[in-house]
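# from the sequence below, what's the structure:
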Amino acid sequence: MKVTSVTCHLLQSKVEKPFVSARGWVYSTRSSCIVEIATDAGITGWGECYGPAAVNKALIETQYAPRIIGRDPFDVEVVWEDLYNRIKDYGAQGFAITALSGIDIALWDIMGRAVGKPIHKLIGGAHRTEVMAYATGLYFIDMNRLVEEAVEEAVGYAEQGFRAIKMKIGLGDPALDHRRVKAVRDAIGPEVKLAVDANHCFTVPQAIRLGRMMEPLDLLWFEEPISPEDHDGYVEVTRALDMAVAGGENDFTRWGFRDIIAKKAMDIVQPDVCAAGGISECRKIATLASAHGVECVPHAWGSAIGLAATVQFLAALPDTPPAFRPIPPMLEFEQTPNPLRDDLAQEPIRQVKGIVKVPDGPGLGIEVDREVLARWKVG
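All right, here's what the predicted structure looks like:
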């Protein structure tokens, strides 16, 4: 079997109610670069790239696609090393790796379809047949009701059956951040887990100060408190706080995670399969984390394809640590409106009372709806 074509689809949909994170970015559209790889055996695989779609498309079409044509998809890691070494003189992280991630996922999808097995069976097997999902939301929408809207949204997720929620913080006022988080904690009660995500908007002293204010609120983790480049700063924050510190969605490849994990700069690393190097590389990152006693809970943001790839990866992750009553790695299930996530698969991955079943169909376990693909395609 040989690769015959590599096609990038730029998808975009408008967001009916724009939302804001701590970075100050207004999210008014959802977009993605979807990678379609065809073979001479009539098998097609799908992948997704994290980040600005047009840049990923340009990288794939000009740098990667010509080197993939004619290759055997089962040489997936051979292909990965070839593409990485082709591009690393110009960037061993960032877009060079997000574009490579989409290709890698599509090749794993092809392999699974070729042998009639889901990807998790090809990467070690299923530690679980369903995953616990946590609801990511509670962005900033109505600036006059920041506390009230957060409480209402969190209560809604709890009523749906989610047993864990992640909310956004980083309003520039530690007292307001604390009041907002405390209000949510009081509203959902102690039985629902609660994490916070600052999208790396704080300095080290600010993160430590706010973290200490939030310690009594029994938080699951404090995500991306500071800039992803500041690994030594992460060590300071992690050592200073009596709560788990998480990060890594903006780090790439085993080399990018190596020192973070070795020095335990974070308690939890969060590689994104659509960003950090695909399934091939995230397996290595998870192995590094396991060897150092660091948890791996992948980040997820994107379409149905990225969600499916994350679920397949999660199914094959062992509990860290194994225990009589273990705490398995959870699935990030982002809750802002996104038809690329909800409609692109013929049978979408859905949560029922906070639980997502691992698809057991071949490859990613989903089928792309080409009519929906055409509807949202802009390039």
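# wait, doesn't Glu61 sit right on Leu10?
No - counting by Cβ atoms under 8 Å, Glu61 does not reach Leu10; the two are 11.3 Å apart. Yep, even glycine has a C-beta here, placed from its N, CA and C like the rest.
# what about Ser5, which SS state?
Look at Ser5: counting by DSSP: H, G, I helix; E, B strand; the rest coil, its state is strand.
# ditto for the one 5 residues further on
Counting by three-state DSSP, the backbone at Leu10 sits in strand.
# tell me the pLDDT of it.
Looking at Leu10, its pLDDT stands at 98.
# what's the mean pLDDT across stretch 230-243?
Mean per-residue pLDDT for stretch 230-243: 98.
# buried residues in that stretch?
Buried residues in stretch 230-243, defined by neighbour count with 16 or more other Cβ atoms under 10 Å: Asp230, His231, Gly233, Tyr234, Val235, Glu236, Val237, Thr238, Leu241, Met243.
# could you do stretch 257-268 as well?
Phe257, Ile260, Ile261, Lys264, Ala265, Met266, Asp267, Ile268.
# kindly report the same for stretch 196-204.
Within stretch 196-204, judged by 16+ other Cβ under 10 Å, the buried ones are Val196, Asp197, Ala198, Asn199, His200, Cys201, Phe202, Val204.
# from what I can see the last one touches Ile226, true?
What that stands for is Val204. Yes - with contact defined as Cβ under 8 Å, Val204 counts as touching Ile226 (5.8 Å).
# which phi and psi does the closest residue to Val358 other than its chain neighbours have?
Residue nearest to Val358 in three dimensions, not counting chain neighbours: Ala315, with 4.4 Å by Cβ to Cβ, 6 or more residues apart in numbering. Here is the backbone geometry of Ala315 (degrees, to the nearest 10): phi -60, psi -30.
# pretty sure Asn56 is in a strand, no?
No - going by three-state DSSP, the assignment for Asn56 is helix, not a strand.
# what sits against it?
Asn56 makes contacts with Cys8, Cys33, Cys49, Phe95, Thr98, Ala99, Gly102, as judged by Cβ atoms under 8 Å, 6 or more residues apart in numbering.
# quick one on the thing from earlier: could I get the buried residues of stretch 196-204 in JSON lines, plus columns for secondary structure, pLDDT and distance to Gly137?
Output for the buried residues of stretch 196-204, formatted as JSON lines (DSSP: H, G, I helix; E, B strand; the rest coil; pLDDT from 0 to 100; distance: Cβ to Cβ, whole Å):
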{"residue": "Val196", "secondary structure": "strand", "pLDDT": "98", "distance to Gly137": "12"}
{"residue": "Asp197", "secondary structure": "strand", "pLDDT": "98", "distance to Gly137": "10"}
{"residue": "Ala198", "secondary structure": "coil", "pLDDT": "97", "distance to Gly137": "15"}
{"residue": "Asn199", "secondary structure": "coil", "pLDDT": "96", "distance to Gly137": "14"}
{"residue": "His200", "secondary structure": "coil", "pLDDT": "96", "distance to Gly137": "19"}
{"residue": "Cys201", "secondary structure": "coil", "pLDDT": "95", "distance to Gly137": "18"}
{"residue": "Phe202", "secondary structure": "coil", "pLDDT": "97", "distance to Gly137": "21"}
{"residue": "Val204", "secondary structure": "helix", "pLDDT": "98", "distance to Gly137": "27"}
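# first-to-last residue distance for stretch 45-65?
14 Å (Cα to Cα, to the nearest Å).
# ok, now stretch 45-63?
19 Å.
# avg pLDDT for it?
97.
# what comes up buried for it?
45-51, 53, 56-57, 59-60, 63.
# and the strands in the chain?
Using DSSP state E, the strands of the chain run over 3-20, 26-39, 44-49, 130-137, 164-168, 193-197, 222-223, 245-247, 268-269, 295-296, 331-334, 355-357.
# which of those strands sits closest to Lys182?
For Lys182, the closest of the strands of the chain is strand 193-197, at 10.3 Å, according to Cβ to Cβ.
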